[in-house]
Structure formats: C-alpha cells, structure tokens
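A.B. asks: Sequence and predicted structure below; questions after.
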Amino acid sequence: MKRLFLMKPLPARARLCAVLGAAVCVLATPAGAVRAATAETGAMAPADSAAVAKPAKAAAARASAAPKAGAKAAKGPAWDVRGVVSCAFIYNDNILSASPDELDNFQNGVDPWRYRHNSSDDLVVAPGLDLEARRDLFALGQSRLRFRVKRWMYANNAIKTNTDFDFFARQYVGRKQSLELFLHAAPWQYIRDLGDRSPLVDPETPTVMEEFRFQRNTWNLCWRQTISKAWSGSLTFERNFRYYNRPFLENDIAAWELRGSVAWQASPAVGLSADYSYEDAVGRGYDEVGETATTSDDSDPSYERDLYRFGLDLSPPQLAKWVDGIGFSVLYMDYYYTVQRPLVEDPYHVGRRDKNYKYTVDLQRKLGKTMSGRLSARRTERVVESPWAGDLQTDKAFTQWQYWLELSYRF
C-alpha cells in the first residue's frame, strides 16, 4: 500500500450549483468584455496555484487592441510579436513540504537511508521565456498565440529541478470578451522518497524507500468577460491528469475542475478579486494487471476539493516613489478523500480531510521602460484531519515559507 498526500466526499454539490448560477449571471450581462484571471503560478491551479482575477482597468487597455465585432480582418502587418525574459531567485525553507518531525529527523541524521535530498531548504533559480504573437485573423477580433517555458533549478538539490511548458490560444469576440485554450505540461518531477509499507504494519518491519515522481498534463477553456469599467469576470473548465512512476501507479489522477473569478476596480488605487472552484478527482486505485479499484489492496487517492481565493491590489499614490503596486492574497483549499472502504484497508485516505492555506504579499516596481521587478513572500500551511489514530496528522502536516525576487525584461 502506498502513501499519497490527497482526500471524503464533499456532500455539498449545492456549492457547485451556486457557482454555475453566478457564472451564468455574469456571462449573461449585456455589453460584457474580457478580463482574465491570471494565474499566480502561470496555470490555473493544481493544488498550489491559483488564478487571480485582475481589475478590469488593465483588461480594457489590453483589449483595446482588438477590433470591434464585425470589422474586417486587418490586411496590414503580419504578426505583432512580443516577449518577456525573466529570472526569479526563490528561497524555499521546506522544499519537500515535510512535517516538523520529519525535518527534525533529517537534520539530526535519523535514518539517513530514507532521504535522497541534500538539504531541507534551498535556493531556486528560475529563468523563463514568454513569447506572444498577435494578429487580426478573423473579423471577430484579435487572435493571440502565446508560449511560455520556465525552468526551476535547485542549487543544492538537483534531483528537484523541473520544467513547465505552457501554451495559450486566445480569440477575442469583439473588444470585451474572449475565449482562451490553455495547455500545460510538466514532465517527470521528483516529489520525495516514500515507502511501500502499510501504516498498520509493525514499525520495526523493514521498508523499501522509492523515488516518488509524477508528471502533469492539463488543458482548460476560459471565457473572460468585462462587465463594466469596474467589473470583470471569468469562467474556466479544466481537465487535469497526473501520472506517477511505476512503484506508485495506484496514485494516478484524472480530475475535472470548474472555476469562477470576479474582479472589482473599486478606485484607481484599490482593486478586489475573488475566486471559487470545485474539483473532482478520480484515482486509479490499483497497480497490477487484473486488478480493479474495488478488488485492489492498494490505496485510493480519489478526492473532491473546494478552493477559495481573495485578493486585494493597492496602488497608493503616497508610495508611488517606491512601489507601483502592492498585492495581498489568501488562498484556502479544502480536500476531502472520497474512498469508501473500511478504515483498516486504507487508513491513509478513509475519512481524511486536508486544509491548505496560502498567504501571499507581492510588491511590483517598474525599473524602466522595459524592465520590472517583483518582491514576494508566501506562507503555506497544511492541516490534516483523519480518523486513523496513527502518525498521519503529524506526518502530512507542514509549514513552508518562500521568498523571491523576480526581474523581467520586455521586448
């Protein structure tokens, strides 16, 4: 039986219905326009990232380049190509999201054979390239194609180094709404080492530690709508697939997610935003030929999840000399494992609930016509509830701090 970090059925389908209803109201508003929810990490969310609905003011400015509906497609310049080269320097004090007990064991040299990494903290250097091409291909509005790649290089733990690839295809429909297709791929990444021993087995029984790796493939469709000068919103449907290496095949996940975002530019200096999403993930639950999820003796990582995010963006004139913008966000993700088995058969998942919290502070500053900088700090915490009176609650709970400086050059 393998171990995973995932979650009891959420008896709250009404919540999803409420979101769908609100989204329909938003999209049905006349004279709508587009303003997108941009992701804090670039993608709509796998469990540690969150889409941020930005104020409509900036959206209107960017959408102004799109011609009005019914206008003839431009026959002038071919493609308007632009790009961004960036590099982020990130300090992470807990790269494996390890529990306090596990951090103490690693630092004190307890059972060193359990660990493949060199240090529990690290400096991550993350260069990135973002290219975008724009053209009026259709009379509907402007078309945009975008490609982004980012490399996460760990200075002292090369085994954690990984790469993300993103592709966007966005079509405006008039000047105030658009539809975007997003594709994301993250090749094999190392998470940590895990054992294959059941939690109910005598702790003195020898266990074999294996590399726990996965790859992620995601696609989504996002409709972005500008409702007025002050209000904007978006609605996103996403499919998310995660595949794990052979010793942990039972943890494979196929998930779908529906997410709604809304933003309000209360004044030139104050913007508010909020997101809600519901995710339903079905786990493989078996790892051998001839097995099924119901006959397997492996764990079942299936879960349902609610996500809530609230953001506050400030551009105080009093601080314009030092910063252009200050952002605050709070993200809460509530996971419920949905496996229906006796506790003794899957103690890592039956009745388990994970509560994840992220608090982020972000400072932005223009350093010239083409250069900009960002200074951020984030605290992440996971609290685990489980009916199993073992070490699950302390083993899976963790706290993590991240601090980063990012420099970007536009061309």
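C.D. replies: Alright, I've got the coordinates.

A.B. asks: Please enumerate the strands of the stretch 251-400 of the chain.
C.D. replies: Taking DSSP state E, counting those that start in this stretch as the criterion, the stretch 251-400 of the chain carries its strands at 253-267, 270-283, 303-314, 325-337, 353-366, 371-385, 398-410.

A.B. asks: okay, these in a markdown table with mean pLDDT and mean neighbour count next?
C.D. replies: C-beta here means a position set from N, CA and C on the backbone, and glycine is covered the same way. Shown next, in a markdown table, are these (pLDDT from 0 to 100; neighbours: other CB atoms under 10 Å):
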| stretch | mean pLDDT | mean neighbour count |
| --- | --- | --- |
| strand 253-267 | 98 | 20 |
| strand 270-283 | 97 | 21 |
| strand 303-314 | 98 | 20 |
| strand 325-337 | 97 | 19 |
| strand 353-366 | 97 | 17 |
| strand 371-385 | 97 | 16 |
| strand 398-410 | 98 | 16 |
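
A.B. asks: out of the ones you listed, nearest to Leu123?
C.D. replies: Evaluated with CB to CB, the strands of the stretch 251-400 of the chain place strand 398-410 nearest to Leu123, the distance being 9.9 Å.

A.B. asks: Restricting to C-alpha, output that closest one in PDB.
C.D. replies: Extracted in PDB, the C-alpha atoms of strand 398-410 (Å, rounded to 0.1, in the frame of the first residue of the first chain):
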ATOM      1  CA  PHE A 398       3.600  21.100   7.200                       C
ATOM      2  CA  THR A 399       4.500  24.800   7.100                       C
ATOM      3  CA  GLN A 400       6.600  26.400   4.400                       C
ATOM      4  CA  TRP A 401       8.000  29.900   3.700                       C
ATOM      5  CA  GLN A 402       9.000  31.100   0.300                       C
ATOM      6  CA  TYR A 403      10.700  34.500  -0.600                       C
ATOM      7  CA  TRP A 404      11.500  35.500  -4.100                       C
ATOM      8  CA  LEU A 405      12.900  38.300  -6.300                       C
ATOM      9  CA  GLU A 406      12.000  38.300 -10.000                       C
ATOM     10  CA  LEU A 407      13.300  40.500 -12.700                       C
ATOM     11  CA  SER A 408      11.600  40.800 -16.100                       C
ATOM     12  CA  TYR A 409      12.700  42.300 -19.400                       C
ATOM     13  CA  ARG A 410      10.100  43.000 -22.100                       C
END
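
A.B. asks: Need the residues that contact it.
C.D. replies: Strand 398-410 is contacted from outside by 82-94, 97-100, 126, 367, 370-382, using CB atoms under 8 Å, 6 or more residues apart in numbering.

A.B. asks: orientation of it relative to strand 371-385 in degrees?
C.D. replies: 160 degrees (axes from the mean of the first three to the mean of the last three CA atoms, to 10 degrees).

A.B. asks: Can I get the strands of the stretch 251-400 of the chain in TSV including distance to Ala293?
C.D. replies: TSV is the format used below for those (distance: least, CB to CB, whole Å):
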stretch	distance to Ala293
strand 253-267	12
strand 270-283	8
strand 303-314	14
strand 325-337	14
strand 353-366	21
strand 371-385	23
strand 398-410	28
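
A.B. asks: What residues sit buried inside stretch 115-130?
C.D. replies: 115-117, 120, 122, 124, 126, 128, 130 (16 or more other CB atoms under 10 Å).

A.B. asks: I'd like the average pLDDT over it.
C.D. replies: Here stretch 115-130 scores 97 as its mean pLDDT.

A.B. asks: quick one on the thing from earlier: take the buried residues of stretch 115-130 and keep only those in strands.
C.D. replies: 122, 124, 126, 128, 130 (DSSP state E).

A.B. asks: in the stretch 101-250 of the chain, which spans are strands?
C.D. replies: Using DSSP E, counting those that start in this stretch, the strands found in the stretch 101-250 of the chain span residues 122-138, 141-154, 162-172, 177-195, 209-226, 231-244.

A.B. asks: Quick one: closest of those strands to Pro342.
C.D. replies: Of all the strands of the stretch 101-250 of the chain, the one in closest proximity to Pro342, counting by CB to CB, is strand 177-195 (22.2 Å).

A.B. asks: what inclination does that closest one have with respect to strand 162-172?
C.D. replies: Angle between the axes of strand 177-195 and strand 162-172 is 160 degrees (criterion: the same axes, to 10 degrees).

A.B. asks: and strand 177-195, C-alpha only, in PDB?
C.D. replies: Taking C-alpha atoms only, strand 177-195 is exported to PDB below (Å, rounded to 0.1, in the frame of the first residue of the first chain):
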ATOM      1  CA  GLN A 177     -14.900  39.100 -24.300                       C
ATOM      2  CA  SER A 178     -12.600  36.300 -25.300                       C
ATOM      3  CA  LEU A 179     -12.200  32.500 -25.200                       C
ATOM      4  CA  GLU A 180      -8.800  31.000 -24.400                       C
ATOM      5  CA  LEU A 181      -7.400  27.500 -24.700                       C
ATOM      6  CA  PHE A 182      -4.600  26.600 -22.300                       C
ATOM      7  CA  LEU A 183      -2.300  23.600 -22.500                       C
ATOM      8  CA  HIS A 184       0.200  22.700 -19.700                       C
ATOM      9  CA  ALA A 185       2.800  20.000 -19.500                       C
ATOM     10  CA  ALA A 186       5.200  19.300 -16.600                       C
ATOM     11  CA  PRO A 187       7.500  16.300 -17.300                       C
ATOM     12  CA  TRP A 188       8.600  13.900 -14.600                       C
ATOM     13  CA  GLN A 189       9.300  15.600 -11.300                       C
ATOM     14  CA  TYR A 190      10.700  14.300  -8.100                       C
ATOM     15  CA  ILE A 191       8.500  14.900  -5.000                       C
ATOM     16  CA  ARG A 192      10.200  12.900  -2.300                       C
ATOM     17  CA  ASP A 193      11.100   9.300  -1.300                       C
ATOM     18  CA  LEU A 194       8.200   7.100   0.000                       C
ATOM     19  CA  GLY A 195       8.000   3.600   1.500                       C
END
